[in-house]
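J.: 3D model of this:
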Amino acid sequence: MLSFPEEWSTSYCCEPLRSVAQSGFPSTADWERCVPVELVDTVTGRPPHQSTEVRFGWSPEYLHIRFVCQDDYVVSDFTERDQPLYEQDVVELFIDEQGDGRNYIELEVSPHNVIFDALIHNNSEGSELKADVTWQLEGLQTAVEVDRQGHRVYVIHIPASNFKSPLTKGVCWRVNVYRIDENVQGDREYQAWQPTGAVNFHLPARFGHFQLG
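T.: Residues are numbered from 1 along each chain as shown. Just a heads-up that it's a prediction; the model follows:
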């Protein structure tokens, strides 16, 4: 596996969102206060051809995630939940609450707002995987739209009831965020917050450290 620059942050402090008590969901101002991360090529760690910015926020009721993606060409034919969205354009979120790399949530959203969610059982090395697609995130809310700048924006709200522990300050998880994007020539780019050094997102040792601030 490749080594990556030490100055790269492998941790993210997820800030509480103050105004969601009135609306239930983040405002534009809320999102602007959240710390952004830029995804990189998961193999090389270099900047991707199409940029992806991700921000996180939380309230006691929800974990909130927003992807803002440059996207001048879309490949997305799936229409039903839990189809293999990872075969085409998609954004992905992995959450390992226990931090041992063996059982974690995988959530994917397609450009047309189709969902894949599963509980992954991994031997922690990525060589033996089982995906329980009968498992679902209860009360999940997602939306996808194109903004005025032409970016495709994915917004995800995961109710706190889906997690083993309440959403409170100091909670720590292992997390990674990904994107798969295909260009008009048919070449696929694999992006990650924490690059894995391979075209394999299921390498939990590379997940970043994620804490509710």
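
J.: Toward the C-terminus, what is the element adjacent to the lowest-mean-pLDDT helix or strand in the chain?
T.: Least confident helix or strand, the chain: helix 20-23 with a mean of 52, by mean pLDDT, DSSP states H and E. Next helix or strand after helix 20-23 toward the C-terminus (DSSP states H and E): helix 28-33.

J.: Now find how far off-centre that next one is within its chain.
T.: 18 Å (CA atoms, centre = their mean, to the nearest Å).

J.: Identify the residues contacting the following helix or strand past that helix?
T.: Next along the chain after helix 28-33, taking DSSP H and E as the criterion, comes strand 36-38. Here strand 36-38 makes contact (CB atoms under 8 Å, 6 or more residues apart in numbering) with Tyr12, Pro47, Ser51, Thr52, Glu53, Val54, Arg55, Val177, Trp193. No exception for glycine: its C-beta is placed from N, CA and C like everyone else's.

J.: Roughly how far does the most centrally placed residue in the chain sit from Ile156?
T.: Residue closest to the mean C-alpha point of the chain, counted by CA atoms, centre = their mean, is Leu93 at 2.6 Å. Plainly put, Leu93 is 7 Å away from Ile156 if you go by CB to CB, to the nearest Å.

J.: Now for the two: what residues contact both?
T.: Ile65, Leu107.

J.: Show the buried residues in the contacts of strand 36-38.
T.: Tyr12, Ser51, Thr52, Val54, Arg55, Val177, Trp193 (16 or more other CB atoms under 10 Å).

J.: and of these, the nearest to Thr28?
T.: Arg55 (11.5 Å; CB to CB).

J.: gap between the closest one and Pro26?
T.: 9 Å.

J.: Pull up the overlap in contacts between those two.
T.: Cys34, Arg66.

J.: Number of residues surrounding Arg46?
T.: Counted with other CB atoms under 10 Å, the neighbours of Arg46 add up to 9.

J.: Kindly report the same for the one 3 residues further on.
T.: Using other CB under 10 Å, His49 is surrounded by 13 other residues.

J.: Report pLDDT for it.
T.: Looking at His49, its pLDDT reads 97.

J.: Helix, strand, or coil at the residue lying closest to it once chain neighbours are set aside?
T.: Nearest in space to His49, with sequence neighbours left out and distances taken as CB to CB, 6 or more residues apart in numbering, is Glu189 at 6.0 Å. Following DSSP: H, G, I helix; E, B strand; the rest coil, Glu189 is assigned to strand.
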